[in-house]
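Student: sequence first, predicted coordinates after that:
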Amino acid sequence: MPKIFDIEYTPNPAARKIVLKEPIVAPGVSLSFSSLQEAAAHPLAEALFAIPHVKSVFMMDRFITITKDNETEWDELLRQVAIPIRAAEPVSAGAPAAPTAKRGENPDIDRINDILDARIRPGLAGDGGGLEVVSYSDNTLAVRYQGACGSCPSSISGTLYGIQSILRDEFNPELTVIAV
């Protein structure tokens, strides 16, 4: 049963990062759900969506980010989401890392992911979020924000600009980054 270590504010007022003492998913894996239908194959995510006002669930290593609607306050919702989180089984310490999506298929995407892994994703994870590369063609990189970053206004402006600047500097000066 994962024990809740801490609950952190994120830059997104509609999201909270729940830090756990044990891993909830295998190393290198992030899971993002935006509906009960998407969560149907994952028991913990499904249990969280059964709670009214939960809009999205993002899981990575030792944290879960819950995004809520505007119809409820955090105090009551956090009490409710703590129940299925505490009842869930942690991932065993020896669980294998999941293969990284899209690695090896395209050397440009591999390089982009390497830069994102080193420079961008750790900061987003610190705020309860993540970033998925959706596609890359014709100097345009499409990314999808996850977790707290998914509905945060600053991710659409400032963070996106920062990602584009770093990738232009370290990968391709002609690159344009768009959020999808």
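Tutor: Yes, it's here.
Student: what are the buried residues along the lengthiest helix in the chain?
Tutor: The residue-count maximum for a helix in the chain (DSSP state H) belongs to helix 74-87. Residues of helix 74-87 classed as buried: 74, 77-78, 80-81, 84-85 (neighbour count, 16 or more other Cβ atoms under 10 Å). Using the backbone N, CA and C atoms, a C-beta is placed for each residue, glycine as well.
Student: by contact count, what packs against the next helix-or-strand element following that helix?
Tutor: Later in the chain than helix 74-87, the nearest helix or strand by DSSP states H and E is helix 107-115. For helix 107-115, the contact count by 3 or more Cβ pairs under 8 Å, 6 or more residues apart in numbering; DSSP states H and E identifies strand 129-137, helix 160-170 as packing neighbours.
Student: out of these, which one sits most buried?
Tutor: Each of those was scored by mean neighbour count; the highest is strand 129-137, a mean of 19, by mean count of other Cβ atoms under 10 Å.
Student: what lies in contact with the helix or strand that it is followed by?
Tutor: Downstream of strand 129-137, the first helix or strand assigned by DSSP H and E is strand 140-147. Contact with strand 140-147 is made by 15, 17, 30, 32, 56, 58, 60, 65, 67, 112, 124, 128-136, 150, 152, 155, 159-160, 163, 167, 175-180, as judged by Cβ atoms under 8 Å, 6 or more residues apart in numbering.
Student: what is the rounded mean pLDDT of strand 140-147?
Tutor: For strand 140-147, mean pLDDT is 91.
Student: also stretch 88-103?
Tutor: 59.
Student: do the same with stretch 159-167
Tutor: Per-residue scores along stretch 159-167 average to 92.
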